[in-house]
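Chemist: Just need the structure, nothing else, for what follows:
(one chain, ligands or ions: 1)
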Amino acid sequence: MPISVEPLAKSIAAEVSGADLGAALSEGDFNAVHDAFLEHSVLVFRGRSQTPALTPDRHIALTRRFGEAEIHMLDQFHHADHPEILILSNGKDSGGKPLGLEDAGRYWHTDVSYTHRPSMASFLYAHDVPPEGGDTVFASTRAAYDALSADWKARLQGLRAVHGLNRITAPKFTDEQFAALDYVEHPLVRTHPETRRKAIYTGAFALSVAGLPENESRGILEFLADHCAKPEFQYRHAWRAHDLVMWDNRCVVHHATGFDRKHLRHMHRTTVAGGVPV
Ligand code: SIN
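Modeler: Here you go, the predicted structure:
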């Protein structure tokens, strides 16, 4: 079956059909998916295209088609046999031990921007989803950049943000994991290395604008956060079991939403290593 790509929102996201993620993608299918990824930034593969469930091996193999599969520093939430998979879950084992990282990313962010080389892409696969809620909302920071006024574009030019974690954004990091991190600087506007399009690069890990007084720095970050979160730049994904969604962290911010904790939300996430943002 040929691959088809249907846009899901005005500025971001498309549904891909006809790709069998349960098997290795042919070169032609990979190229079609890769092109769609660069164009739409978020790709949705609905559950029916990988029934039965996508195995960890296939999930990792798909990830590796796009680059080097990373190993997240939160090793307490790795899949037991596949450290490339970070488990996001509110489930507990029979002894009450968490099965995964609960409450990951409930604020707008781009993955691991608190590191020197943040993840290029993320692949999130749903094993169990609540009947309602637990959606993931994505926003195109490329469309948000394009929509800025010429004055704002000029004002942001050359500015860099300091990214780092704090106890609000990283409640599950151990003291040791926390201590291993430093603050890093990234441009507030980055150029996508493949499309050459510009995108705003902020999110909850961006703590301040380097070299600016606190008031001015806060004003810029708050303006950008509000601007990127405008509905016209968004796609909201309501999960079904066995959906896989991949996104481009170089031009997308995202956040998870709440749900009734009596239901299980159990997800597997992999990421592809990225370069230094420029
Ligand atoms: C993430 O921030 O990577 C996870 C988002 C989600 O669980 O919906």
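Chemist: Please report phi then psi for the closest residue to the ligand within the stretch 51-200 of the chain.
Modeler: Residue nearest to the ligand within the stretch 51-200 of the chain: residue 105 (2.5 Å; Cβ to the nearest ligand atom). Placement of C-beta: from N, CA and C, glycine included. When read as degrees, to the nearest 10, the backbone of residue 105 gives phi 60, psi 50.
Chemist: dump the residue contacts of it.
Modeler: Contact partners of residue 105, counting by Cβ atoms under 8 Å, 6 or more residues apart in numbering, are 254, 255, 256.
Chemist: Drop anything exposed from the residues you listed.
Modeler: When the contacts of residue 105 are checked for burial by 16 or more other Cβ atoms under 10 Å, the buried set is 254, 255, 256.
Chemist: Quick check: the first one touching residue 247?
Modeler: Yes. Checked against Cβ atoms under 8 Å, the pair residue 254 and residue 247 is within contact range at 6.4 Å.
Chemist: just checking: which of the buried ones among the contacts of residue 105 also lie near the ligand?
Modeler: Subset of the buried ones among the contacts of residue 105 in contact with the ligand: 254, 256, counting by Cβ under 6 Å from any ligand atom.
Chemist: and the buried ones among the contacts of residue 105, which of them are in helices?
Modeler: In helices, judged by DSSP state H, none of the buried ones among the contacts of residue 105 are found.
Chemist: got JSON lines for the contacts of residue 105, with pLDDT too?
Modeler: Shown next, in JSON lines, are the contacts of residue 105 (pLDDT from 0 to 100):
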{"residue": "254", "pLDDT": "98"}
{"residue": "255", "pLDDT": "97"}
{"residue": "256", "pLDDT": "97"}
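Chemist: Nearest to residue 130 among those?
Modeler: Proximity of the contacts of residue 105 to residue 130 (Cβ to Cβ) peaks at residue 256, which lies at 11.6 Å.
Chemist: Which secondary structure elements does the helix or strand harbouring residue 29 sit against?
Modeler: Residue 29 is part of helix 27-40 when elements are defined by DSSP states H and E. Judged by 3 or more Cβ pairs under 8 Å, 6 or more residues apart in numbering; DSSP states H and E, helix 27-40 is in contact with strand 4-7, strand 14-17, strand 42-45, helix 56-66, strand 244-248.
Chemist: Contacts for it, please.
Modeler: 3, 5, 7, 12-14, 16, 18-19, 25, 43, 65-66, 121, 194-195, 246, 248.
Chemist: Tell me which residues touch the residue of the stretch 151-278 of the chain found nearest the ligand, please.
Modeler: Nearest residue of the stretch 151-278 of the chain to the ligand: residue 256, at 3.3 Å (Cβ to the nearest ligand atom). Neighbour list for residue 256: 103, 104, 105, 106, 134, 135, 136 [criterion: Cβ under 8 Å, 6+ apart].
Chemist: ok, the residue lying closest to the fourth one once chain neighbours are set aside to residue 5 distance?
Modeler: Excluding the flanking residues, the one nearest residue 106 by Cβ to Cβ, 6 or more residues apart in numbering is residue 256, at 5.4 Å. Plainly put, residue 256 is 25 Å away from residue 5 if you go by Cβ to Cβ, to the nearest Å.
Chemist: Just the pLDDT at the closest residue to residue 104 other than its chain neighbours, thanks.
Modeler: Nearest-residue entry for residue 104: residue 88, 4.7 Å, with adjacent residues in sequence omitted and distances by Cβ to Cβ, 6+ apart. As predicted, residue 88 sits at a pLDDT of 97.
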